[in-house]
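Visitor: Following is a predicted model, sequence given first.
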There are 2 protein chains.
Amino acid sequence: MAQAQTPGIDVDRVEQDITAISRFGFNEEDRGVYRQGFSEPDMAAREWLRAQFEALGMGHGIDGAGNVWGRYGPEDRPAVVIGSHLDSVPASGIFDGVLGVAAGLEVVRTMKQNGVVPHYPVEIIATSEEEGRFGGMLGAQAMTGNLTLEWLEGAADEHGYKLKDAMTEAGLDYTKALHAYRRPETIHAFLELHVEQGPVLDLEKVTIGIVEGISGVFKWKVRMIGKADHAGTAPMNMRSDALMGMVDFAHEIQRIIDEEGTDKSRITIGHVACKPGFPHTVPGEVEFTIVGRDLSEEKMRAIANACERVLSSIARRHKLHFEYERMSWLEPAYCDAGLMQLIERKAQDLAYSYKIMPSGAGHDVQFFCNHTRAALIFVPSVKGVSHAPDEWTHWSDIERGTQLLYECVLELACEKVPAQA
Amino acid sequence: MAQAQTPGIDVDRVEQDITAISRFGFNEEDRGVYRQGFSEPDMAAREWLRAQFEALGMGHGIDGAGNVWGRYGPEDRPAVVIGSHLDSVPASGIFDGVLGVAAGLEVVRTMKQNGVVPHYPVEIIATSEEEGRFGGMLGAQAMTGNLTLEWLEGAADEHGYKLKDAMTEAGLDYTKALHAYRRPETIHAFLELHVEQGPVLDLEKVTIGIVEGISGVFKWKVRMIGKADHAGTAPMNMRSDALMGMVDFAHEIQRIIDEEGTDKSRITIGHVACKPGFPHTVPGEVEFTIVGRDLSEEKMRAIANACERVLSSIARRHKLHFEYERMSWLEPAYCDAGLMQLIERKAQDLAYSYKIMPSGAGHDVQFFCNHTRAALIFVPSVKGVSHAPDEWTHWSDIERGTQLLYECVLELACEKVPAQA
């Protein structure tokens, strides 16, 4: 790497850290990680991280939302934040979230080793509860002001266990989560390095994804209602088969995207239930979910409208009724164009292949996109697998991602500080 | 009815009997009938029926399978059998099966009233366990020799309750079910009158269905296997969406019937389950049932082959694997052409509208089709509803069906007895 002026990052140390963190909540049986937000392994991993910050001589602490931070550099200037999460879904792999934190440690380590004295401090933040055990992204929401006491007190996991009780058990005062807010002027830039969790980079053999934004997403629950009939006595042309309504809709999905969407559009039917659901009975009712995504909210609206029109015309054609419930609508979030250019320039300098792409999954960074300047870097996930024990990213891709992060942070942290007015 | 030589049947008496039988197992709450095979209400209804036979001066008895029979006419000749069942599915209507038995009573009552002395005895048989609580049609199977001790001892209901235990509790010796066999030469003809349980007669405003046969039926359980993916990170063209395989198959159903089947073909997907079944996950696997029917076994085979070809080509197209289990294959059964002609002639004499049609549902008669000459007459089911408390047939249709049955039985029972060889 002729462009690098100083020794680069050491991927062996990143591997050591990722491996060390993987032990918190590791299950020998399925070889999955169980480090759900505010669980014992999650809090233990946070303690471990603070010990690393201490060893590196960094200032450190844990805020009211459970975010652990470590700081290297001057106290009085806005920070270049390297942020990602330490919590996991049940039976997770070892990279999701952890990569961004471990890479942050390596960036600071390398800066220190190279004797870099940054103008802006570098701050590593391991956010809390990104995976939504309690229905949100608590750490990032708290830091960016997207949190209310009402939500904090109401949030519960799928078993009804309350977020506030989980925080109390973890030794935190949940009301203090509202103190975790970071004024935007305290952040110079926010950078996240994450595994793609999708197949695109792996399939296209590209090393780096420069994320242009986090797709918006809507979720609908649709019910098609026809008439349950005996599958033997009801002739094909006398049926009101609710399942056939779902089937016709599913068949229109690609056309809807072709006509109304973009190559970043996704429409997914993930759940289908027939009633009564007996082999010998024509389904009288079918319930299914539609999840739509795009990077443009206007396109999302066009897709949603097209879905509604298609459902309505299919219902008429099959003599069905239909009803749907809009469960959620999350608007897209956009990464900072300047930071994207910086990442692109550095990737070019390092001669890494890259592509500009959306993120279909949610990430901590999305809350920072509307708060400060923020960007997200992807490295490939082998076969796109994530949220599963066999999630994998090759160490050579981890190396390139971390090196790229280092170069970007270095430039941002060493930017000239404007003279005080 | 100018054609009737003697007073016809009295539908008020049929209504009284159907109403009387409906009280056995009637549930005031959902107004459904709960008279499952060998339950207390079922056995009580059988006792009630024997009392009616007694009152009519008929010989009567209960055979080893629980079939109750009543006989009017000479002892030593083969019988014109009027057969249907008294048991019901849970939450049933009042006509299913019961109509054929009650109509039989009215036929004998009217014969006696009109002073008819039949050459061949008329026998009414209320078969046992037609609805398949224990997985078969016990009474009809026993009479036609389609029963083994092994099956008798193994059969159980959906809760694991054994047929043999149910029979013992009902006061029957289950091994005696094998004694219920009726040699074909003891039956002059078998006639069943039943509600259609489908929408055809009601929608087409036709009074009588002359059934040409009982459709054969096959049941498959199909699994399409793709790859579960994050619904946000997996682009549409990089998915192996198992649900889309099911959807494509469902879309081919009508074409398969148009190309390989007949207007009597039915293909139904009654059950669909996605795995993991989460709204935000592309289904990695989908399991669904295919139930196919036709009156021609050759057509059934053509349809089944086409289903397999289509599944295979769809799997290739969507990068899926598929496997399927052939759960069952029941061949069609055909009604007797001579008896069908008799019914048609009598319907014409009575100026009743009629149509020749298949039966998509199973009936007692299907076992007699391969055993002796047998036929099935349908009357309309309002909106095709059956196996539900709101099953209904207009009394004027009951009247016409019973009158037609009477005319046919009369002719068959009064046929000249050939001189002994």
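Guide: In hand now; what should we look at?

Visitor: Contacts for stretch A:323-338, please.
Guide: Defining contact as CB atoms under 8 Å, 6 or more residues apart in numbering or on different chains, one finds that stretch A:323-338 is touched by A:189, A:211-223, A:225, A:290, A:294-297, A:300, A:308, A:311, A:362, A:365-367, A:369-370, A:373-376. Every C-beta, even on glycine, is put in place using the N, C-alpha and C of the backbone.

Visitor: Measure how buried the residue of the stretch 251-400 of chain A found nearest chain B is and give me the count.
Guide: Nearest residue of the stretch 251-400 of chain A to chain B, counting by CB to the nearest CB: A:Gly360, 2.8 Å away. Residues lying near A:Gly360 (other CB atoms under 10 Å in any protein chain shown) number 26.

Visitor: leaving aside the residues next to it on the chain, what's closest to it?
Guide: B:Gly232 (2.8 Å; CB to CB, 6 or more residues apart in numbering or on different chains).

Visitor: what are the ranges of the strands in the stretch 51-200 of chain A?
Guide: Assigned by DSSP state E, counting those that start in this stretch, the strands in the stretch 51-200 of chain A fall at A:59-62, A:68-72, A:79-85, A:122-127, A:187-195.

Visitor: Give the other helices and strands that the second one contacts.
Guide: Read that as strand A:68-72. Other helices and strands packing on strand A:68-72, by 3 or more CB pairs under 8 Å, 6 or more residues apart in numbering or on different chains; DSSP states H and E, are helix A:40-55, strand A:59-62, helix A:98-113, strand A:122-127.

Visitor: ranking those by burial, who's on top?
Guide: Highest mean neighbour count of these: strand A:122-127, a mean of 29 (counted as mean count of other CB atoms under 10 Å in any protein chain shown).

Visitor: And that strand, what does it pack against?
Guide: By 3+ CB pairs under 8 Å, 6+ apart, strand A:122-127 packs against helix A:40-55, strand A:68-72, strand A:79-85, helix A:98-113, helix A:138-144.

Visitor: give me that answer again for 7 Å
Guide: strand A:68-72, strand A:79-85, helix A:98-113 (3 or more CB pairs under 7 Å, 6 or more residues apart in numbering or on different chains; DSSP states H and E).

Visitor: any residues touching that strand, and which ones?
Guide: Identification of contacts with strand A:122-127 by CB atoms under 7 Å, 6 or more residues apart in numbering or on different chains yields A:46, A:49, A:67-73, A:79-86, A:101, A:104-105, A:107-108, A:111, A:139-140, A:364, A:409, A:413.

Visitor: how about the residue nearest to A:Gly360, what does it touch?
Guide: B:Gly232 neighbours (CB under 7 Å, 6+ apart): A:215, A:217, A:266, A:293, A:360-361.

Visitor: now chain A, which segments are flagged as low pLDDT?
Guide: Within chain A, the segments meeting pLDDT under 70 span A:1-5, A:420-421.

Visitor: how is it carved up into domains?
Guide: According to automatic domain parsing, chain A comprises the domains A:11-214+A:333-413, A:216-330.

Visitor: Neighbours of the closest residue to chain B within the stretch 1-150 of chain A, how many?
Guide: With CB to the nearest CB as the measure, A:Gly132 is the residue of the stretch 1-150 of chain A nearest to chain B, at 10.4 Å. A:Gly132 has 15 neighbouring residues, counting by other CB under 10 Å.

Visitor: go on, A:Thr175?
Guide: Counted with other CB under 10 Å, the neighbours of A:Thr175 add up to 13.

Visitor: same check, this time on A:Glu308
Guide: Number of residues near A:Glu308 (other CB under 10 Å) recorded here: 15.

Visitor: Need the three-state assignment for it.
Guide: helix (DSSP: H, G, I helix; E, B strand; the rest coil).

Visitor: Now it. Nearest residue, chain neighbours left out?
Guide: A:Tyr324 (7.7 Å).

Visitor: What does the residue of the stretch 251-400 of chain A closest to chain B show for phi and psi?
Guide: phi -80, psi -20 (degrees, to the nearest 10).

Visitor: Surely it and A:Val217 touch.
Guide: No. Contact between A:Gly360 and A:Val217 fails when scored by CB atoms under 7 Å: they sit 8.2 Å apart.

Visitor: can you list residues touching both of the two?
Guide: A:293, B:232.

Visitor: Who is A:Ser359 paired with across the strands?
Guide: A:Ile214 (DSSP bridges).

Visitor: what's the neighbour count on it?
Guide: 28.

Visitor: That one touches A:Gly216, doesn't it?
Guide: No. Using CB under 7 Å, A:Ser359 is not in contact with A:Gly216, being 11.2 Å away.

Visitor: residue closest to the middle of chain A?
Guide: A:His363 (2.6 Å; CA atoms, centre = their mean).

Visitor: got the contact list for that one?
Guide: A:192, A:194, A:214, A:376.

Visitor: Assign a three-state SS to it, would you?
Guide: coil.

Visitor: how far away is it from A:Leu191?
Guide: Note on A:His363: its distance to A:Leu191, by CB to CB, to the nearest Å, is 12 Å.

Visitor: A:Leu203 too?
Guide: Per CB to CB, A:Leu203 is found 25 Å from A:Leu191.

Visitor: out of those two, which sits in the busier spot?
Guide: Between A:Leu203 and A:Leu191, A:Leu191 has the larger neighbour count (other CB under 10 Å), namely 30 against 13.

Visitor: if we can go back for a sec, pull the number of nearby residues for the residue nearest to A:Glu308.
Guide: The local packing of A:Tyr324 (other CB under 10 Å) involves 17 other residues.

Visitor: Now whichever strand or helix holds A:Glu287 - C-alpha only, CSV.
Guide: Using DSSP states H and E, A:Glu287 maps to strand A:285-294. What follows is strand A:285-294, C-alpha atoms only, in CSV (Å, rounded to 0.1, in the frame of the first residue of the first chain):
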residue,chain,number,x,y,z
GLU,A,285,-59.3,-16.0,4.7
VAL,A,286,-55.6,-15.4,4.4
GLU,A,287,-53.5,-13.0,6.4
PHE,A,288,-50.1,-11.9,5.2
THR,A,289,-47.5,-9.2,5.8
ILE,A,290,-46.1,-6.8,3.2
VAL,A,291,-42.8,-5.1,4.1
GLY,A,292,-41.7,-2.5,1.6
ARG,A,293,-38.4,-0.6,1.4
ASP,A,294,-36.7,2.1,-0.7
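
Visitor: Any part of it near chain B?
Guide: Yes. Strand A:285-294 is in contact with chain B by CB under 7 Å from any CB of the partner chain, via A:289, A:291, A:293.

Visitor: same for that strand, what does it pack against?
Guide: Using 3+ CB pairs under 7 Å, 6+ apart: strand A:285-294 touches strand A:216-225, helix A:242-260, strand A:266-268, strand A:272-275, helix A:297-317.

Visitor: where does the stretch 301-421 of chain A come near chain B, residue by residue?
Guide: Counting by CB under 7 Å from any CB, the stretch 301-421 of chain A sits next to chain B at A:360-361, A:384, A:386.

Visitor: and the residues you listed as CSV, adding distance to A:Ile18?
Guide: Shown next, in CSV, are these (distance: CB to CB, whole Å):
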residue, distance to A:Ile18
A:Gly360, 24
A:Ala361, 20
A:Gly384, 19
A:Ser386, 15
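
Visitor: Now A:Glu212. Its backbone dihedrals?
Guide: Torsion angles, degrees, to the nearest 10, at A:Glu212: phi -90, psi -20.

Visitor: and A:Thr372, that one's in a strand?
Guide: No. Looking at A:Thr372 with three-state DSSP, it is coil, so not inside a strand.

Visitor: Determine which stretch of the helices and strands packed on strand A:285-294 is the most buried.
Guide: strand A:266-268 (a mean of 26).
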